[in-house]
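3D model of this:
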Amino acid sequence: MATIRAQLAHVGIYVQDKPKMIDFYTAVLGLVVTDHGVARSGMELTFLSANPTNHHQVVLVSGRPDIAGFNPINQLSFMVGSLTELREAHRRALDKGATEMRVLSHGNAWSCYFKDPEGNVIETYLDSPFHVPQPRGEPLDLNKSDEEILQETEEACRKDPGFMPITQYQANMAEKLGA
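Numbering: from 1, shown residues only. Below you'll find the predicted structure:
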């Protein structure tokens with residue numbers, strides 16, 4: 001059984017006024033917009049980071065209702081160290097009662113999304129060595145070998161005009177951040 005020491009890596013929050021929130025996070029915290037787009041669900045996503053090695057640290061998600069007591073947390077995301085750990089987190093989550101399991105390749109990362117026993121959305125994920133614009137998500141079969149997953153991900157990513165090795169993306173981000 002793999003040892004897992006997941007690290008909190010990013011948070012998604014629901015917002016009402018996306019331009020105002022982007023201005024706030026960029027002006028106050030020095031984050032930059034790294035990507036934006038519309039998810040299959042129709043939600044508009046804006047990804048922000050202040051770290052050239054993290055595609056995003058905050059995700060602003062459209063659709064926050066004006067309801068007292070609404071939980072604005074969209075998800076809590078934890079990074080794991082390997083595909084072996086991702087598989088183990090997936091197995092453990094199911095064993096402990098997680099529901100609504102979704103396993104996806106984002107091209108730049110491999111993720112397992114699920115709801116904890118009280119309905120909070122949790123993501124465990126691992127970065128890939130590739131960058132492609134986000135949002136993106138294709139089903140991922142964790143029963144395949146690491147080599148098969150890596151090869152299939154690279155083949156899919158190379159079809160995207162925004163594809164680049166993660167090292168190139170990180171260098172571009174470091175320049176953009178003035179790091």
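
CA only for contacts and neighbour counts going forward, please
OK.

the most far-flung residue of the chain relative to its centre and E152, how far apart?
Counting by Cα atoms, centre = their mean, the extreme residue of the chain relative to its mean C-alpha position is A68, 27.6 Å from that point. Taking Cα to Cα, to the nearest Å as the criterion, A68 is separated from E152 by 45 Å.

which helices and strands does the helix or strand of the chain at the bottom of the mean pLDDT ranking pack with?
Every helix and strand of the chain was ranked by mean pLDDT, DSSP states H and E. The lowest is helix 18-29, at a mean of 88. Contact partners of helix 18-29 among helices and strands, from 3 or more Cα pairs under 8 Å, 6 or more residues apart in numbering; DSSP states H and E: strand 32-38, strand 58-62.

for those strands, give me TSV that also has mean neighbour count, distance to S49 and mean pLDDT.
What follows is the helices and strands packed on helix 18-29, written out as TSV (neighbours: other Cα atoms under 10 Å; distance: least, Cα to Cα, whole Å; pLDDT from 0 to 100):
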stretch	mean neighbour count	distance to S49	mean pLDDT
strand 32-38	17	6	95
strand 58-62	22	7	94
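
save those strands as TSV, and put in distance to F163 too.
Shown next, in TSV, are the helices and strands packed on helix 18-29 (distance: least, Cα to Cα, whole Å):
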stretch	distance to F163
strand 32-38	13
strand 58-62	21
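
nearest to P135, out of the ones you listed?
Nearest of the helices and strands packed on helix 18-29 to P135, taken as Cα to Cα: strand 32-38 at 5.9 Å.

distance between the closest one and the chain's centre?
Computed by Cα atoms, centre = their mean, to the nearest Å, the separation of strand 32-38 from the middle of its chain amounts to 12 Å.

is I73 bridged to anything, and to what?
Here I73 sits in beta bridges with I13, as judged by DSSP bridges.

hmm, it is touching H10, no?
No: with the criterion set as Cα atoms under 8 Å, I73 and H10 do not qualify as a contacting pair; they are 11.2 Å apart.

between the two, tell me which one has more neighbours.
In terms of neighbours (other Cα atoms under 10 Å), H10 is the more surrounded of I73 and H10; the figures are 20 against 16.

quick check: buried residues in stretch 144-151?
When burial is assessed from 16 or more other Cα atoms under 10 Å, stretch 144-151 yields the following buried residues: I149, L150.

try stretch 89-104
A89, H90, A93, L94, A98, T99, M101, V103, L104.

can you give me the helices for the protein?
According to DSSP state H, the chain carries its helices in the segments 18-29, 83-95, 146-158, 166-177.

flag the shaky bits of this structure, pLDDT-wise.
Under the criterion pLDDT under 70, the flagged ranges of the chain are 179.

what's the end-to-end length of stretch 128-141?
Termini of stretch 128-141 sit 15 Å apart (Cα to Cα).

all set, thanks.
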